[in-house]
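A.B. asks: just need the structure, nothing else, for what follows:
(chains A and B)
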Protein chains: 2
Amino acid sequence: MPVNFAAPDPASLFAVPGVELGPAQAGIRKAGRYDLLVLRFARGSLAAGVFTQNRFCAAPVLLCREHLAAGGALRALVVNTGNANAGTGEPGLAHARQTCAELARLVGCAPQEVLPFSTGVIMEPLPIDRVLAGLPACLAALAPNQWALAAQCIMTTDTVPKAASRRIEIDGVALTITGIAKGAGMIQPNMATMLGFIATDAPVAPALLQTMTREVAATSFNRITVDGDTSTNDSFVIVATGQARLAPIVNAADGRYAPLLQALTEVAQTLAQAIVRDGEGATKFITITVGGGRDFAECDRIARQIAHSPLVKTAFFASDPNLGRIVCAIGNGGAADLDPNRVSFWLDDVRVVERGGRAASYREEDGARVMRQPEITVRVDLGRGTASATVWTCDFSHDYVSINADYRS
Amino acid sequence: MPVNFAAPDPASLFAVPGVELGPAQAGIRKAGRYDLLVLRFARGSLAAGVFTQNRFCAAPVLLCREHLAAGGALRALVVNTGNANAGTGEPGLAHARQTCAELARLVGCAPQEVLPFSTGVIMEPLPIDRVLAGLPACLAALAPNQWALAAQCIMTTDTVPKAASRRIEIDGVALTITGIAKGAGMIQPNMATMLGFIATDAPVAPALLQTMTREVAATSFNRITVDGDTSTNDSFVIVATGQARLAPIVNAADGRYAPLLQALTEVAQTLAQAIVRDGEGATKFITITVGGGRDFAECDRIARQIAHSPLVKTAFFASDPNLGRIVCAIGNGGAADLDPNRVSFWLDDVRVVERGGRAASYREEDGARVMRQPEITVRVDLGRGTASATVWTCDFSHDYVSINADYRS
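C.D. replies: Now for the predicted structure:
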């Protein structure tokens, strides 16, 4: 059960002019479930993406980078679940190329105008015959109002489909932004998350779209972690179809850039947080903000140290204000000259630590009250600067172990 | 239940000339259990120690560093369980000083010749009255043949006392080395472990004893991890009473140094591995060796990335050869220019990956056979150098979550 996130009402997911979605059941790993998705884009659409920094990145990630380097023109993308096509060496790369070539043939475009994505088990050969055989069914299913089914189609251990949508108006023109994402475990995106796609009909020049994609990722998907494992397949792509009747936005100084960035970021943050809310076994959604640091990097390291500590995460699961574990994690955050006597932290509004020790005002029942909530904010003040960083994470429960001990079987 | 480690037979733990041990029940956290231990050393004993790198280190760690800096002469050490005296600010430091002063008075030595150690819950005030009141009982109990009871006395979530002993002969003189350790969770020692003490009657000069302690820690306690959380209290101390009738060993070129280092290392490795075998919820003992690297640091980072991945650890728990998770962890190990196509790895004798993909000879039933064993070796070859690093770790089970969600209650 996700923490305060439900499957979105399909009616709340606005169609994006220039985007059609085609989900199908291709039997890639199991029969009778949606597992293959094609998105088709109008001519003139542009894409930008950010991808995992894992050195064992998947074959489709290699191909996405190669195709986007050709300029970013995009006519289609294809996503399969059930198999990550990662750790599959040269044959895996050949399978990803075959998939793009076949979809390009069916759509009538160049293979470089197709992006491939895979998610599922690592190090097993992609059942390429089933992928290729499923593509015509995807094309036959293409329709603009299927974002909800598309979100369902890309799920693996997700318990709920993840989608979000916004409409904004710029210069009197209505713009639409709709996106989907998937992911629940092996989540500490480093550049992007395990599959996030956002489309807009806003017209954005290629170089700016790439900048914008990085900016959006930096404040959304790159701020979440479930278990600290950066996946081999993390990919986040923004597609701008340019169907809206607006002159192209070419640089960030354009007054229209900020509101568009804001709306894209909101959609991306909703999707990113939905991944944490649906984190494997999650029962709590936790915001960790570390401030008062010398620079962003040290705040970020300490925030992640807290977010990844199995002892902190199990204490959240137990609703146990065993807050020494947070103190311990702060001390492990790699700030070599940190003075513990200047550190404070709060659980929501409850001050827990001041001057490196338990706050005089702290009462265990206040900590226990906050720890029982489904949403908790941990705020740390390092007391030595003005930088800050926030990460979103979840707790660590028996179900995380069950889900990951049983996955595959 | 520890993995292949049982409580040692008390008769196998040799008394060390110059060392007496005094365990007592001081009711520090719970009544009716041994929780306070004093070791008294003969005049002329020397100590060297290594301590946690956690910035929120405990008050007793601060005091140990201060006292050892005075030269290393040691007459007593005191260990309490039930409370870590960490995250306790200035009052915690004052409590540690009071403990040393009182024990020094009872033993008849300077406070600088006493080392204090604490382990247990973080960020709760040390019940100093109970500690002080318990010291006379410890002194009354002093005896040289109590290493087994001493090991039991320092346990927290440990399920088994950890002790090891060796006798060696140098220049016709018999030397004894006996040590105890505790720890099961919050274990990724960085310089030392959550309490390890080894005593020998060998005479070793102060500077060399410090070098030797670092060397022993580097190949024993610093090679283990249970959950990646470096404790606030990690401390490892070697005491040399010098009671053996040998001229002092002053430098590492002395022919007697190597066999003594070897024996100390064997005792330390047995204790360190015992901590992993008794890791919270552990059902498997896993040795991870990463070789073929450019330098030790990159091999060590990748080995720890594998050892800390919750997905890898849960797969070991499930005996599931979901080996893509190890591939993923290798790729996350921070070697930015690692070429996946040169990477191989083995589970014991089973080759799993070659040239970045599944080995042609690999059969899942072979992987499954190894995964079911209680002891497993993962061997990675990065294919780009001659350096290597080994870490010892355990799996991640439901019991880890239960133990850490219930600890304190």
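A.B. asks: all strands for the stretch 251-400 of chain A, in order.
C.D. replies: Ranges of strands in the stretch 251-400 of chain A, per DSSP state E, counting those that start in this stretch, are A:285-293, A:344-347, A:350-354, A:357-358, A:375-381, A:387-394.
A.B. asks: run through the stretch 51-200 of chain A and note the low-pLDDT ranges.
C.D. replies: Within the stretch 51-200 of chain A, the segments meeting pLDDT under 70 span A:190-194.
A.B. asks: can you name the residues of the stretch 251-400 of chain A that neighbour chain B?
C.D. replies: Counting by C-beta under 8 Å from any C-beta of the partner chain, the stretch 251-400 of chain A comes close to chain B at A:308-311, A:314-315, A:317-318, A:320, A:322-325, A:327-333, A:335-336, A:338, A:340-341, A:343, A:353, A:355-358, A:396-398, A:400. In short, each C-beta sits where N, CA and C put it, glycine included.
A.B. asks: again, only this time at 7 Å
C.D. replies: Contact residues, the stretch 251-400 of chain A versus chain B (C-beta under 7 Å from any C-beta of the partner chain): A:309-311, A:314, A:317-318, A:320, A:322-325, A:327-328, A:330-332, A:335, A:338, A:340, A:355-358, A:396-398.
A.B. asks: what secondary structure does A:A148 sit in?
C.D. replies: Using DSSP: H, G, I helix; E, B strand; the rest coil, the structure places A:A148 in helix.
A.B. asks: domain parsing for chain A?
C.D. replies: Following automatic domain parsing, one finds the domains of chain A at A:10-277, A:285-406.
A.B. asks: can you put the ones you listed in a markdown table and add mean neighbour count?
C.D. replies: Converted to a markdown table, these look like this (neighbours: other C-beta atoms under 10 Å in any protein chain shown):
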| stretch | mean neighbour count |
| --- | --- |
| domain A:10-277 | 22 |
| domain A:285-406 | 21 |
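A.B. asks: could I get these in JSON lines, plus columns for distance to B:V160?
C.D. replies: What follows is the domains of chain A, written out as JSON lines (distance: least, C-beta to C-beta, whole Å):
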{"stretch": "domain A:10-277", "distance to B:V160": "29"}
{"stretch": "domain A:285-406", "distance to B:V160": "21"}
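A.B. asks: show me what contacts the residue lying closest to A:A336 once chain neighbours are set aside?
C.D. replies: Nearest residue to A:A336, sequence neighbours excluded (C-beta to C-beta, 6 or more residues apart in numbering or on different chains): B:R55, at 7.5 Å. Neighbour list for B:R55: A:G331, A:A335, A:L338, A:P340 [criterion: C-beta atoms under 7 Å, 6 or more residues apart in numbering or on different chains].
A.B. asks: between those residues, which is nearest chain B?
C.D. replies: Closest approach to chain B among the contacts of B:R55 (C-beta to the nearest C-beta): A:G331, at 3.0 Å.
A.B. asks: I'd say that closest one and B:N54 touch.
C.D. replies: Yes - A:G331 lies in contact with B:N54 (C-beta atoms under 7 Å); the separation is 4.0 Å.
A.B. asks: ok, now how distant is the spatially closest residue to A:T225 that is not a sequence neighbour from A:D300?
C.D. replies: Closest residue to A:T225 apart from its sequence neighbours, by C-beta to C-beta, 6+ apart: A:Q188 at 4.2 Å. In this view, A:Q188 and A:D300 are 12 Å apart by C-beta to C-beta, to the nearest Å.
A.B. asks: indicate the residue of the stretch 301-409 of chain A located nearest to chain B.
C.D. replies: Closest point on the stretch 301-409 of chain A to chain B, by C-beta to the nearest C-beta, is A:G324, at 2.4 Å.
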